[in-house]
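Undergrad: Requesting a structural model of the entry that follows:
(2 chains, ligands or ions: 6)
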Amino acid sequence: MTFLAKPKVRHPSLPKNSLGLTRRDYEGSMSTLCAGCGHDSITAAVIEACWGLALEPQNLVKLSGIGCSSKTTAYFVGGGHGFNSVHGRMPSIAMGANAANRDLTYIGVSGDGDTLSIGLGQFCHAIRRNLNMLYIIENNGVYGLTKGQFSASADVGTQAKRGEVNRQPPIDPVLLALTLGAPFVARSFSGDKQQLVPLIQAGIRHRGFAMIDVLSPCVTFNDHEGSTKSYAYAREHYDPAVNADFVPFAREITADYSAGESLPIVMHDGSRIVLKKIAPDYDPTDRIAAMAKIQAGMRRQEFLTGMLYLGRGDREFHDLNEMPQTPLNAIPYGQLTPGSKGLDKILARFR
Amino acid sequence: MEPTNTGHPDYFHKVVDCQWACPAHTDVPEYIRLIAQGRFTDAYLVNRKSNVFPGILGRVCDRPCEPACRRTRVEEKPVAICRLKRVAADQRDDVTPLLPKVPQLKNGKRIACVGAGCASLTVANDLLPLGYEITMFEQWGQAGGLMRTNIPSFRLPAQVLNEEIAMIVDRGVDLQLGARIESMQKLLSDGGFDAVFVGTGAPKGKELDLPGRKEGTANIHVGIDWLESLAFGHVDSIGKRVLIIGVGNTAMDCCRSSLRLGAADVKVMARKPRQYFKASAWELEDAEEERVEIVVNHSPRRFVLENGRLTGMVFDVLEYELDAAGRITSERVLREEFIAADDVILAIGQENAFPWIERDLGIEFDVWDVPKVDVKTFQSTRAGVFFGGDSAFGPKNIIWAVEHGHQAAISIHNHCQGKALDVRLAPGVNLQSRKMGMHEWSYANDYNPAERRLMPHVSLKERFKKIDIEVELGFTAEQVVAEVQRCLNCDVQTVFAAKLCIECDACIDICPVDCLTMTPNGTETELRGRLKAPATNLTQALYVSEPLKFTQRVMVKDEDLCVHCGLCAERCPTAAWDMQKSTIQWPHAVDGTEADQKAQPRVA
Ligand SMILES: Cc1cc2nc3c(=O)[nH]c(=O)nc-3n(C[C@H](O)[C@H](O)[C@H](O)COP(=O)(O)OP(=O)(O)OC[C@H]3O[C@@H](n4cnc5c(N)ncnc54)[C@H](O)[C@@H]3O)c2cc1C
Ligand SMILES: Cc1ncc(C[n+]2csc(CCOP(=O)(O)OP(=O)(O)O)c2C)c(N)n1
Ligand code: SF4
Ligand code: SF4
Ligand code: SF4
Ligand SMILES: [Mg+2]
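TA: Residues are numbered from 1 along each chain as shown, chains lettered A, B, ... in the order given. Ligands and ions are numbered 1, 2, ... in the order given. Next comes the predicted model:
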């Protein structure tokens, strides 16, 4: 960490978005993470993405559990709402908040420990319910905050800083999410903002559950030789399969996408995600094929990244439960509850 | 691009914008930090080494450093560099025991300095410690040149001037006052000098030959002569209504002096619109604060006399057409206008004049009758005769005259030792880490958003009571504390070691002004366009690293807006960035030549 807060002074030519805000206006409080932590880069990518989408800070909800990764919600969009939940319980809080006010934008930030160890059950059910949120896993293979124990994403054979070797097989959040039917599944690396920022933007705009698993090296406990989650290992085994460009509704597609190599997908609000295939035979719209490719890559120790799967037209939690368009918290109390007479009527149906 | 050669002495020097802009290359951030620590004497000596007259320059320097100050690029106003120099001078202890020692045993070489202005005094300052015997000839009864005769004492008190001149003269200059040199030929043949330095300034005020000039001469004055008469007490009054012709710095001193002699209505008449004024912005402000009226677009036509006495002047009122870039494309006369006046002061420029230098001595003059002087060595076309200050290339300012003096002293030293004049020591740079611990630096790296402090002035009521009341009071202690923190420490450089970088992005993300980018290498134009914030200020360099080990990208830093906060270095997990103080070695005569340095290695 640094002891000095990043000063307010800024580049005079910093561009402004349609709200008249600069990227600096989307920062949060000073990071207390270790210098060089991948999580800080992801924070910077989230800031860039939110600025680019011209999100109104007061319409953003930032949710997290416990861990170094979970601390980062304090470091972006200081003007948003935040909730630091109990370890592994962020999906429940997101669920409740989202159920009460469907009009806000929900970003959850979690770690591999928070999601895949203690919070695995919660994570799975959030996917099943197709909660409308962006769920970022800052994946470093260890419990950073508690001094570097292996987490559930540590690969077999990976070595801890002190030398012990992990023997338990990892849980891969991407394969798990695909199995459970997640409509938006991506993987990226904290050191590649060019890939990560549009993925975050697409994930925010996507309707339904969007998950991005971001490899995010822990410089302090898992950046040594023998680790499969170090900067060096990531750079060497990093293999972009499909990159995404996010094109907001108002903007024309100007870049030249050669046919077959790129696929524009229109989102519910009219914005588009243009998928750019890097691996020629990868089809990001075929769930089963994608899973096979990802698994095959893993066997070769290749770490496929990008927009790995994007389904179409999925119905999110509110659709599945036939919820009203008006957020529950905006519906007058009298209308929201049946009243004692109404309750009697309902109960009578079961008598 | 090729990796930046930061070992080149100019690279980091240019990053210290003020030091690069200062003709004498004063280590500004270093002395500001010393002031911040309350080490006023040390701050004074850092100044004196480069600019010789910190007390004087802390008041009246033309301050080319301030418009160059990096602070103007991240906020509105530069650091008050000049005012802080005055703080060091005002608060210092006696420095005489700390000045370079002048040897008892002389080296046997005798140097003549003609004129006792700042250029000659600098030559003496630099050559005394090397054992030279200096004889200085001055036509007036006091040393100081225009600093004495033209810069009014309400801007530069005599005591400050006396002290700093004494620091040189009292260390063994043979100062001959009232000794105007009338013949260079005689000086060269009879003086027995090994070298002659001409520091006689540009003593001739420009004339304005318009109808009525001769007839009205009793009330028409040449600015620099008039100021000189005032300085020597030959003038003590002026009419109620005064017109100053011209709007340079001399005009500013003339108008403000007039007010102190009893003028009530003083107008400065300018030919052109305000953006073309030669006077420094702060001098204009100070004059206007004293209710001097500045009249633009008036071009003088003729003096008007009644019964042989000046009553005013007629001007053409002009109108200009400007192009998009603000350049004048055409002008036209709208009408004539008469403006009443009791006295007119001409302040339209100065020229060199050398009636005392015979033209058959091998000292060549060009078509404008200006001596041909080498821009690096300051030697004329006659070996052993040197020029410097205003006498070399026309009127400039004190700090330029000082730097000319430094360079001429190096040449004179070489000349007297029989060395070629162009065998000069090259500038150098030393780098030293400022890291003290995990997040500790031996400089205050936090960016301070304080705004520039305003110089307090003696009230308008008080200041006119006597001619020599210094208007500027100097900063208060509180102002000093705030102002020193505005300095961005541009000499504490970001130094990058590519082989340590693990490409984690931490520095990129933390930099408050977005000056860092990791990107594939390219041409300078390509790189400038693809940085995190486009680098559009072409006067500022890009710092390009060796290829990075994982991706072969390069780390590029746009030097333009870096506030030297050190956050990149604090955030870097591998110490690939470090903050290192650059000390620029700008050689002076005492440093000798490269050969001397090799013989006697100096520890920096
Ligand atoms: C009104 C006015 C205001 C100024 N204000 C500023 C200011 O605020 N800040 C700034 O930086 N600069 C200012 N300047 C400019 C600055 O004063 C000069 O650039 C500087 O003094 C030049 O120094 P010098 O040593 O070359 O010559 P000078 O200072 O001109 O000194 C030359 C000396 O040589 C003597 N001399 C000349 N001929 C002979 C001879 N034949 N024999 C013996 N002695 C001789 C003269 O009497 C004089 O003392 C101002 C100039 C003027 C006219
Ligand atoms: C209920 C509960 N159990 C255990 C802990 C201790 N604990 C704090 S953070 C953490 C692991 C965090 O790992 P991860 O989510 O990967 O975050 P990282 O620090 O690696 O970013 C654990 C086990 C806790 N805070 N609460
Ligand atoms: S312990 Fe690891 S994960 Fe936690 S802040 Fe430090 S580097 Fe980041
Ligand atoms: S010192 Fe480093 S972080 Fe600070 S402004 Fe300069 S480059 Fe940016
Ligand atoms: S913080 Fe250090 S290691 Fe990380 S990218 Fe910057 S220079 Fe490289
Ligand atoms: Mg973790």
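Undergrad: B:A202 contacts B:G349, doesn't it?
TA: No. Counting by Cβ atoms under 8 Å, B:A202 stays clear of B:G349, with 9.1 Å between them. Placement of C-beta: from N, CA and C, glycine included.
Undergrad: any shared contact partners between these two?
TA: Among the neighbours of B:A202, those also in contact with B:G349 (Cβ atoms under 8 Å, 6 or more residues apart in numbering or on different chains) are B:P395.
Undergrad: Enumerate every residue touching the residue in the stretch 401-550 of chain B that ligand 3 sits nearest to.
TA: Residue nearest to ligand 3 within the stretch 401-550 of chain B: B:C504 (9.6 Å; Cβ to the nearest ligand atom). B:C504 sits next to A:G36, A:C37, A:G38, A:S41, A:S190, A:G191, A:P217, A:V219, A:Y231, B:P573 when contact means Cβ under 8 Å, 6+ apart.
Undergrad: tell me the SS of the spatially most central residue of chain B?
TA: The centre of chain B sits closest to B:I399, judged by Cα atoms, centre = their mean, with a distance of 3.8 Å. Following DSSP: H, G, I helix; E, B strand; the rest coil, B:I399 is assigned to helix.
Undergrad: Quick check: the gap between it and ligand 5.
TA: To ligand 5, B:I399 is 39 Å away according to Cβ to the nearest ligand atom, to the nearest Å.
Undergrad: Let me know whether that residue touches B:C61 as I believe.
TA: Yes. Under the criterion of Cβ under 8 Å, B:I399 makes contact with B:C61 at 5.6 Å.
Undergrad: Make sure A:A241 is indeed in a helix.
TA: No. Under three-state DSSP, A:A241 falls outside any helix and is assigned strand.
Undergrad: Pull the number of nearby residues for it.
TA: For A:A241, the neighbour count with other Cβ atoms under 10 Å in any protein chain shown is 23.
Undergrad: Would you map the strands across the stretch 1-150 of chain A?
TA: A:60-64, A:81-84, A:105-111, A:133-139, A:142-143, A:149-150 (DSSP state E, counting those that start in this stretch).
Undergrad: near ligand 3 at all, stretch B:437-452?
TA: No. Using Cβ under 6 Å from any ligand atom, stretch B:437-452 stays clear of ligand 3, with a minimum separation of 14.0 Å.
Undergrad: Between the two ends of that stretch, how far is it?
TA: Stretch B:437-452 has an end-to-end distance of 31 Å (Cα to Cα, to the nearest Å).
Undergrad: touching ligand 4 at all, it?
TA: No. Applying Cβ under 6 Å from any ligand atom, one finds stretch B:437-452 separated from ligand 4 by no less than 7.8 Å.
Undergrad: can you give me the mean pLDDT across that stretch?
TA: What stretch B:437-452 shows for mean pLDDT is 91.
Undergrad: Pull the residues that contact that stretch.
TA: So stretch B:437-452 is contacted by A:2-4, A:7-9, B:33, B:36, B:75-80, B:434-436, B:482-483, B:485-486, B:488-489, B:492, B:512, B:563-567, B:570, B:579, B:581 (Cβ under 8 Å, 6+ apart).
Undergrad: what about 7 Å?
TA: Residues from elsewhere that reach stretch B:437-452 (Cβ atoms under 7 Å, 6 or more residues apart in numbering or on different chains): A:2-4, A:7-9, B:33, B:77, B:80, B:434-436, B:482, B:485-486, B:489, B:492, B:563, B:565-566, B:570, B:579.
Undergrad: And that stretch, what's buried?
TA: For stretch B:437-452, burial by neighbour count (16 or more other Cβ atoms under 10 Å in any protein chain shown) applies to B:H439, B:W441, B:Y443, B:N445, B:Y447, B:R452.
Undergrad: What of stretch B:117-133?
TA: So for stretch B:117-133, counting by 16+ other Cβ under 10 Å, buried means B:117-130, B:132-133.
Undergrad: repeat for stretch B:451-467
TA: B:R452, B:R453, B:M455, B:R463, B:F464, B:I467.
Undergrad: For those, name the two members farthest from one another.
TA: Using Cβ to Cβ, those reach their maximum pairwise distance at B:R452 and B:I467, which is 29.5 Å.
Undergrad: just checking, next helix/strand downstream of the helix or strand harbouring B:R148?
TA: Element membership for B:R148 (DSSP states H and E) is helix B:146-149. Scanning forward in sequence from helix B:146-149 by DSSP H and E, the next helix or strand is helix B:158-169.
Undergrad: And the contacts of the helix or strand following that following helix?
TA: Downstream of helix B:158-169, the next assigned helix or strand under DSSP H and E is strand B:174-176. Residues outside strand B:174-176 that contact it (Cβ under 7 Å, 6+ apart): B:A116, B:I134, B:T135, B:M136, B:F137, B:E138, B:A143, B:V169.
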